[in-house]
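In: After the sequence you'll find the predicted model.
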Amino acid sequence: KLSDIFGRKSCLLFAYTIFGIGCLACGLARNMNELIAARAFAGIGGGGMTTVVSIMMSDIVTLRERGKWQGYINIVFATGAGTGAPLGGILADRVGWRWVFLFQPPLCIVAIVAVSLALKLPKRDHAHWGQKLRRIDFLGAAILIAAVFMLLLGLDRGSNVSWHARLTIISLAVSAPLFLLFVAVETKVAAEPFAPGHIIFERSLVACYACNFFSFAGYMAALFYLPLYFQVGADAASATRAGVRLIPGIAAGVSGSLFGGFYMQHTGRFYRLTVGAYAFLVVGAAAIFACAGVLVDSVLGIVLGLCVAGFANGIGVTTSLIGLISNAAHADQAVATACSYLFRSLGSVFGVSLAATVVNQELRRKLALALGSGDEAREIAERVRESIEYIARLDPEVRVLVRRCYAESTRDAFGLMVVLVAGAAVAAWFVRERRLGGK
């Protein structure tokens with residue numbers, strides 16, 4: 001919404017600046033509280049960078065070509081993420097973790113200079129900045145931030161501490177009425193709401209949001225727990241080998257996004273591809289579940305299932321974005337795009353939190369049955385949750401039992417993945433087809 005009011009370029013430069021300052025503060029943090037606060041500040045810029053670039057792409061290219069260019073963006077993003085992780089590890093090992101953050105501000109300066117000089121966009125509004133400031137829906141924004149924060153806090157505490165803890169219950173109980181209050185403010189109170197009722201309740205937009213939420217909930221839960229499963233499985237893979245086994249699935253996801261973009265450019269349609277993509281996401285998730293010991297124990301089968309799921313999710317996230325943009329009015333496209341990223345993030349946290357709950361509870365239960373001691377099972381489960389390397393320090397007999405119980409518990413999380421992505425497959429049927437414009 002801010003990019004609609006102040007302009008795309010201004011918001012992108014602002015996001016780069018906030019991210020750079022936040023990373024600088026992280027690198028100079030004197031304690032954990034300062035580091036957490038700085039990370040939150042940097043996250044504001046990071047979220048803005050991703051969203052504004054996607055919004056700008058919709059302004060620059062035709063809707064029919066939009067998916068193809070989203071595929072290109074995903075390739076660049078995957079390349080950056082793939083090189084950034086090992087580079088961060090090298091910096092942390094060689095010169096200290098602070099330089100992982102201090103390395104970012106110079107890159108932000110380069111990005112600011114490049115965008116300032118190379119990006120030429122027409123000015124959208126010549127009004128005074130004070131008039132623009134009065135157009136911001138501060139009340140709705142504050143309520144939404146509070147609602148999302150309480151939801152994330154409750155999910156985090158529930159999966160890591162206990163779903164019966166007071167803070168967990170209060171956070172989740174407060175988040176629900178806050179979301180309802182947000183809807184009421186946007187539909188009844190705000191003079192210029194950043195999420196109008198026709199965006200919140202329109203069928204196709206809600207269906208696309210649901211596709212994003214459930215697909216990312218299931219897929220990210222699998223990406224989170226697959227490395228752990230590989231490390232405790234029959235071949236006890238190292239952390240490096242376990243991570244390498246995810247690369248084909250990630251590459252398939254990028255390829256799927258690009259394929260979906262070219263398909264939509266060629267045909268001008270997205271509905272059937274969206275439905276088919278999320279159906280195959282369920283197939284890929286089911287293959288992972290089946291090959292994790294339900295039918296067979298096969299690392300190759302899991303990797304192939306991950307490739308199918310990744311390719312399908314790559315298609316789905318691109319076609320659902322085009323579905324959002326094509327079904328939203330031009331004035332609402334920026335907000336609809338931002339909501340898509342919000343639901344992806346919420347889905348990721350929800351899926352990982354729910355999977356963590358399943359794994360932790362099943363691990364305690366299975367260990368108690370295997371060891372015959374509930375107290376010992378709880379202690380081992382807590383130690384393993386903190387560090388999987390703890391398993392190597394156990395007695396050989398106990399180690400075998402713990403590995404088996406952990407693998408079986410993680411397998412249950414893959415079963416949850418199938419259920420979650422099935423929600424996306426159902427939601428895809430409710431997306432309305434819109435013929436994309438000419439080439």
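Out: Now that the structure is in, tell me what you want to look at.

In: Distance-wise, check residue 189 relative to residue 140.
Out: Per Cβ to Cβ, to the nearest Å, residue 189 is found 8 Å from residue 140. Using the backbone N, CA and C atoms, a C-beta is placed for each residue, glycine as well.

In: Now the closest residue in space to residue 11 that isn't next to it in sequence. Its backbone dihedrals?
Out: Nearest non-adjacent residue to residue 11, counting by Cβ to Cβ, 6 or more residues apart in numbering: residue 3, 4.3 Å away. When read as degrees, to the nearest 10, the backbone of residue 3 gives phi -70, psi -30.

In: who's in contact with residue 3?
Out: 10, 11, 12, 52, 55, 334 (Cβ atoms under 8 Å, 6 or more residues apart in numbering).

In: Now flag whichever of those residues is closest to residue 247.
Out: Of all the contacts of residue 3, residue 247 sits closest to residue 52, with 29.0 Å by Cβ to Cβ.

In: List the buried residues for the strand or helix carrying the closest one?
Out: Residue 52 is part of helix 32-60, with elements assigned from DSSP states H and E. The neighbour-count check on helix 32-60 (16 or more other Cβ atoms under 10 Å) flags 35, 38-39, 41-42, 45-58 as buried.

In: I'd like the distance between residue 329 and residue 405.
Out: 53 Å.

In: neighbour count winner among these two?
Out: Taking neighbours as other Cβ atoms under 10 Å, residue 329 and residue 405 compare with residue 405 leading, 25 against 11.

In: wait, that one sits on residue 363?
Out: Yes. With contacts counted by Cβ atoms under 8 Å, residue 405 reaches residue 363, the gap being 5.9 Å.

In: re the thing from before, avg pLDDT for the helix holding residue 52?
Out: For helix 32-60, the mean pLDDT works out to 87.

In: Return the distance of that helix from the chain's centre.
Out: 13 Å (Cα atoms, centre = their mean, to the nearest Å).

In: immediately after that helix, which helix or strand?
Out: Counting by DSSP H and E, what follows helix 32-60 is helix 63-94.

In: Quick check: buried residues in that next one?
Out: Under 16+ other Cβ under 10 Å, the buried positions of helix 63-94 are 63-71, 73-74, 78, 91.

In: Model confidence score at residue 122, please.
Out: For residue 122, pLDDT reads 69.

In: Same check on residue 386?
Out: Value for residue 386, per-residue pLDDT: 69.

In: what residues go with each domain of this structure?
Out: 1-136, 137-193, 202-439 (automatic domain parsing).

In: you'd agree residue 179 is up against residue 145?
Out: No. Look at residue 179 against residue 145 with Cβ under 8 Å: they stay out of range, at 11.7 Å.

In: Name the spans of the chain whose pLDDT lies under the cut-off.
Out: 82, 85-86, 89, 122-130, 132, 234, 373-374, 376, 385-388, 437-439 (pLDDT under 70).

In: Which residue lies nearest the spatial centre of it?
Out: residue 345 (4.0 Å; Cα atoms, centre = their mean).

In: name the helices or strands packed onto the one helix or strand it maps to?
Out: Using DSSP H and E, residue 345 sits in helix 333-371. Packing partners of helix 333-371 (3 or more Cβ pairs under 8 Å, 6 or more residues apart in numbering; DSSP states H and E): helix 2-6, helix 32-60, helix 138-160, helix 197-200, helix 203-232, helix 299-327, helix 374-386, helix 396-428.

In: Off-centre distance for the shortest one?
Out: Taking Cα atoms, centre = their mean, one finds the center of helix 197-200 at 23 Å from the center of the full chain.

In: picking up where we left off before, how about the buried residues of helix 63-94, which pair is most distant?
Out: For these, the maximum inter-member distance is 42.0 Å, found between 64 and 91 (Cβ to Cβ).

In: so residue 193 makes contact with residue 140?
Out: Yes. Contact criterion Cβ under 8 Å: residue 193 and residue 140 qualify, at 5.8 Å.

In: Name the residues contacting each of those two.
Out: 185, 186.

In: follow-up on the earlier one: as CSV, the buried residues of helix 63-94 with distance to residue 279 would be great.
Out: Listed next are the buried residues of helix 63-94 as CSV, based on distance: Cβ to Cβ, whole Å:
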residue, distance to residue 279
63, 24
64, 24
65, 26
66, 23
67, 19
68, 23
69, 26
70, 21
71, 21
73, 25
74, 21
78, 24
91, 42
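
In: Specify which member of those is nearest to residue 395.
Out: Using Cβ to Cβ, the buried residues of helix 63-94 come closest to residue 395 at residue 91, 38.0 Å.

In: what sits against that closest one?
Out: Residues near residue 91 by Cβ under 8 Å, 6+ apart: 97, 99, 100, 103.

In: Apart from its chain neighbours, what residue comes closest to residue 241?
Out: residue 230 (7.1 Å).

In: any idea how far the one you found is from residue 160?
Out: 22 Å.

In: Also residue 357?
Out: In terms of Cβ to Cβ, residue 357 sits 9 Å off from residue 160.

In: same question, residue 330
Out: Remark: distance between residue 330 and residue 160 (Cβ to Cβ) = 43 Å.

In: Same drill for those two, tell me which one is more crowded.
Out: Between residue 330 and residue 160, residue 160 has the larger neighbour count (other Cβ under 10 Å), namely 14 against 9.

In: ok, now which ones touch residue 55?
Out: Here residue 55 is in contact with 3, 8, 333, 334, 337, 338 (criterion: Cβ under 8 Å, 6+ apart).

In: Pretty sure residue 239 sits against residue 230.
Out: No. The criterion here is Cβ under 8 Å, and residue 239 misses it with residue 230 at 9.0 Å.

In: Would you mind telling me which of those two has more residues around it?
Out: Set side by side, residue 239 and residue 230 show unequal neighbour counts under other Cβ under 10 Å, the larger going to residue 230 at 25 against 13.

In: what's the more buried one in contact with, if anything?
Out: Residues in contact with residue 230 (Cβ under 8 Å, 6+ apart) are 237, 241, 242, 245, 299.

In: Look up how far residue 59 lies from the nearest residue to residue 61 once chain neighbours are set aside.
Out: Residue nearest to residue 61 in three dimensions, not counting chain neighbours: residue 69, with 5.3 Å by Cβ to Cβ, 6+ apart. Between residue 69 and residue 59 the distance, using Cβ to Cβ, works out to 12 Å.
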